[in-house]
Every structure is written in structure tokens, then in C-alpha cells.
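# Give me a model of this one.
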Amino acid sequence: MKRILLFTFIIFLTGCSSMGVEPWERNNLAKSEMALDSDPLTSALDDHIYFSKEASSGGRSFGGGGCGCN
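Numbering: from 1, shown residues only. This next block holds a predicted model:
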């Protein structure tokens, strides 16, 4: 009985291991158009507008903040 429980426990532990996902295993999700922000320029502009209106740092690559007149 103990051997069966030990064997079952080992099987469950190996089932939880992460082997990583290779690019060819991602199939359609690896395509650039499937990215949440596929256009980096639009993403940077959105960050600039958001952080300017929040009166904070100015985003990822922009200095200043506040009124949005950088």
C-alpha cells in the first residue's frame, strides 16, 4: 500500500513540473499579430498620454509629465 501511494505521489509531482514551451509549440499564439501591443509606437504614444494626464513620470521613454506639453 505504501509503495502504491509513493508511486502515485511521484507521478503527481512530475505532472506539476514545467518543461517550458518552445516557439513551434505555440502555433498561432507565436505570431506577431497575436501580441497584446503589436505596434510599439502606438504603445509608446499611449503610455506617454496616460502618464502625462496622470501627472507622473512621463512613461517609459519620455521625460517630464503633468500637462502633457513635453
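
# lowest-confidence helix or strand of this protein?
Within the chain, confidence by mean pLDDT, DSSP states H and E is lowest for helix 23-26 among all helices and strands, at a mean of 78.

# Tell me which helix or strand comes right after it.
Downstream of helix 23-26, the next assigned helix or strand under DSSP states H and E is helix 40-53.

# Residues touching the least confident helix or strand of the chain, excluding its own?
Contact partners of helix 23-26, identified using C-beta atoms under 8 Å, 6 or more residues apart in numbering, comprise Ala30. Heads up, the C-betas are built off the backbone N, CA and C, glycines and all.

# got the CA coordinates for that helix in PDB?
Extracted in PDB, the C-alpha atoms of helix 23-26 (Å, rounded to 0.1, in the frame of the first residue of the first chain):
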ATOM      1  CA  PRO A  23       8.100  28.500 -30.200                       C
ATOM      2  CA  TRP A  24       6.800  25.800 -32.600                       C
ATOM      3  CA  GLU A  25       4.500  24.600 -29.800                       C
ATOM      4  CA  ARG A  26       2.800  28.000 -29.500                       C
END
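
# mind listing what's buried in that helix?
Of the residues in helix 23-26, none count as buried by neighbour count, 16 or more other C-beta atoms under 10 Å.

# Ok, stretch 40-50 next?
For stretch 40-50, burial by neighbour count (16+ other C-beta under 10 Å) applies to 47-48.

# Please state the offset of the least confident helix or strand of the chain from the chain centre?
Centre-to-centre, helix 23-26 and its host chain are 16 Å apart (C-alpha atoms, centre = their mean, to the nearest Å).
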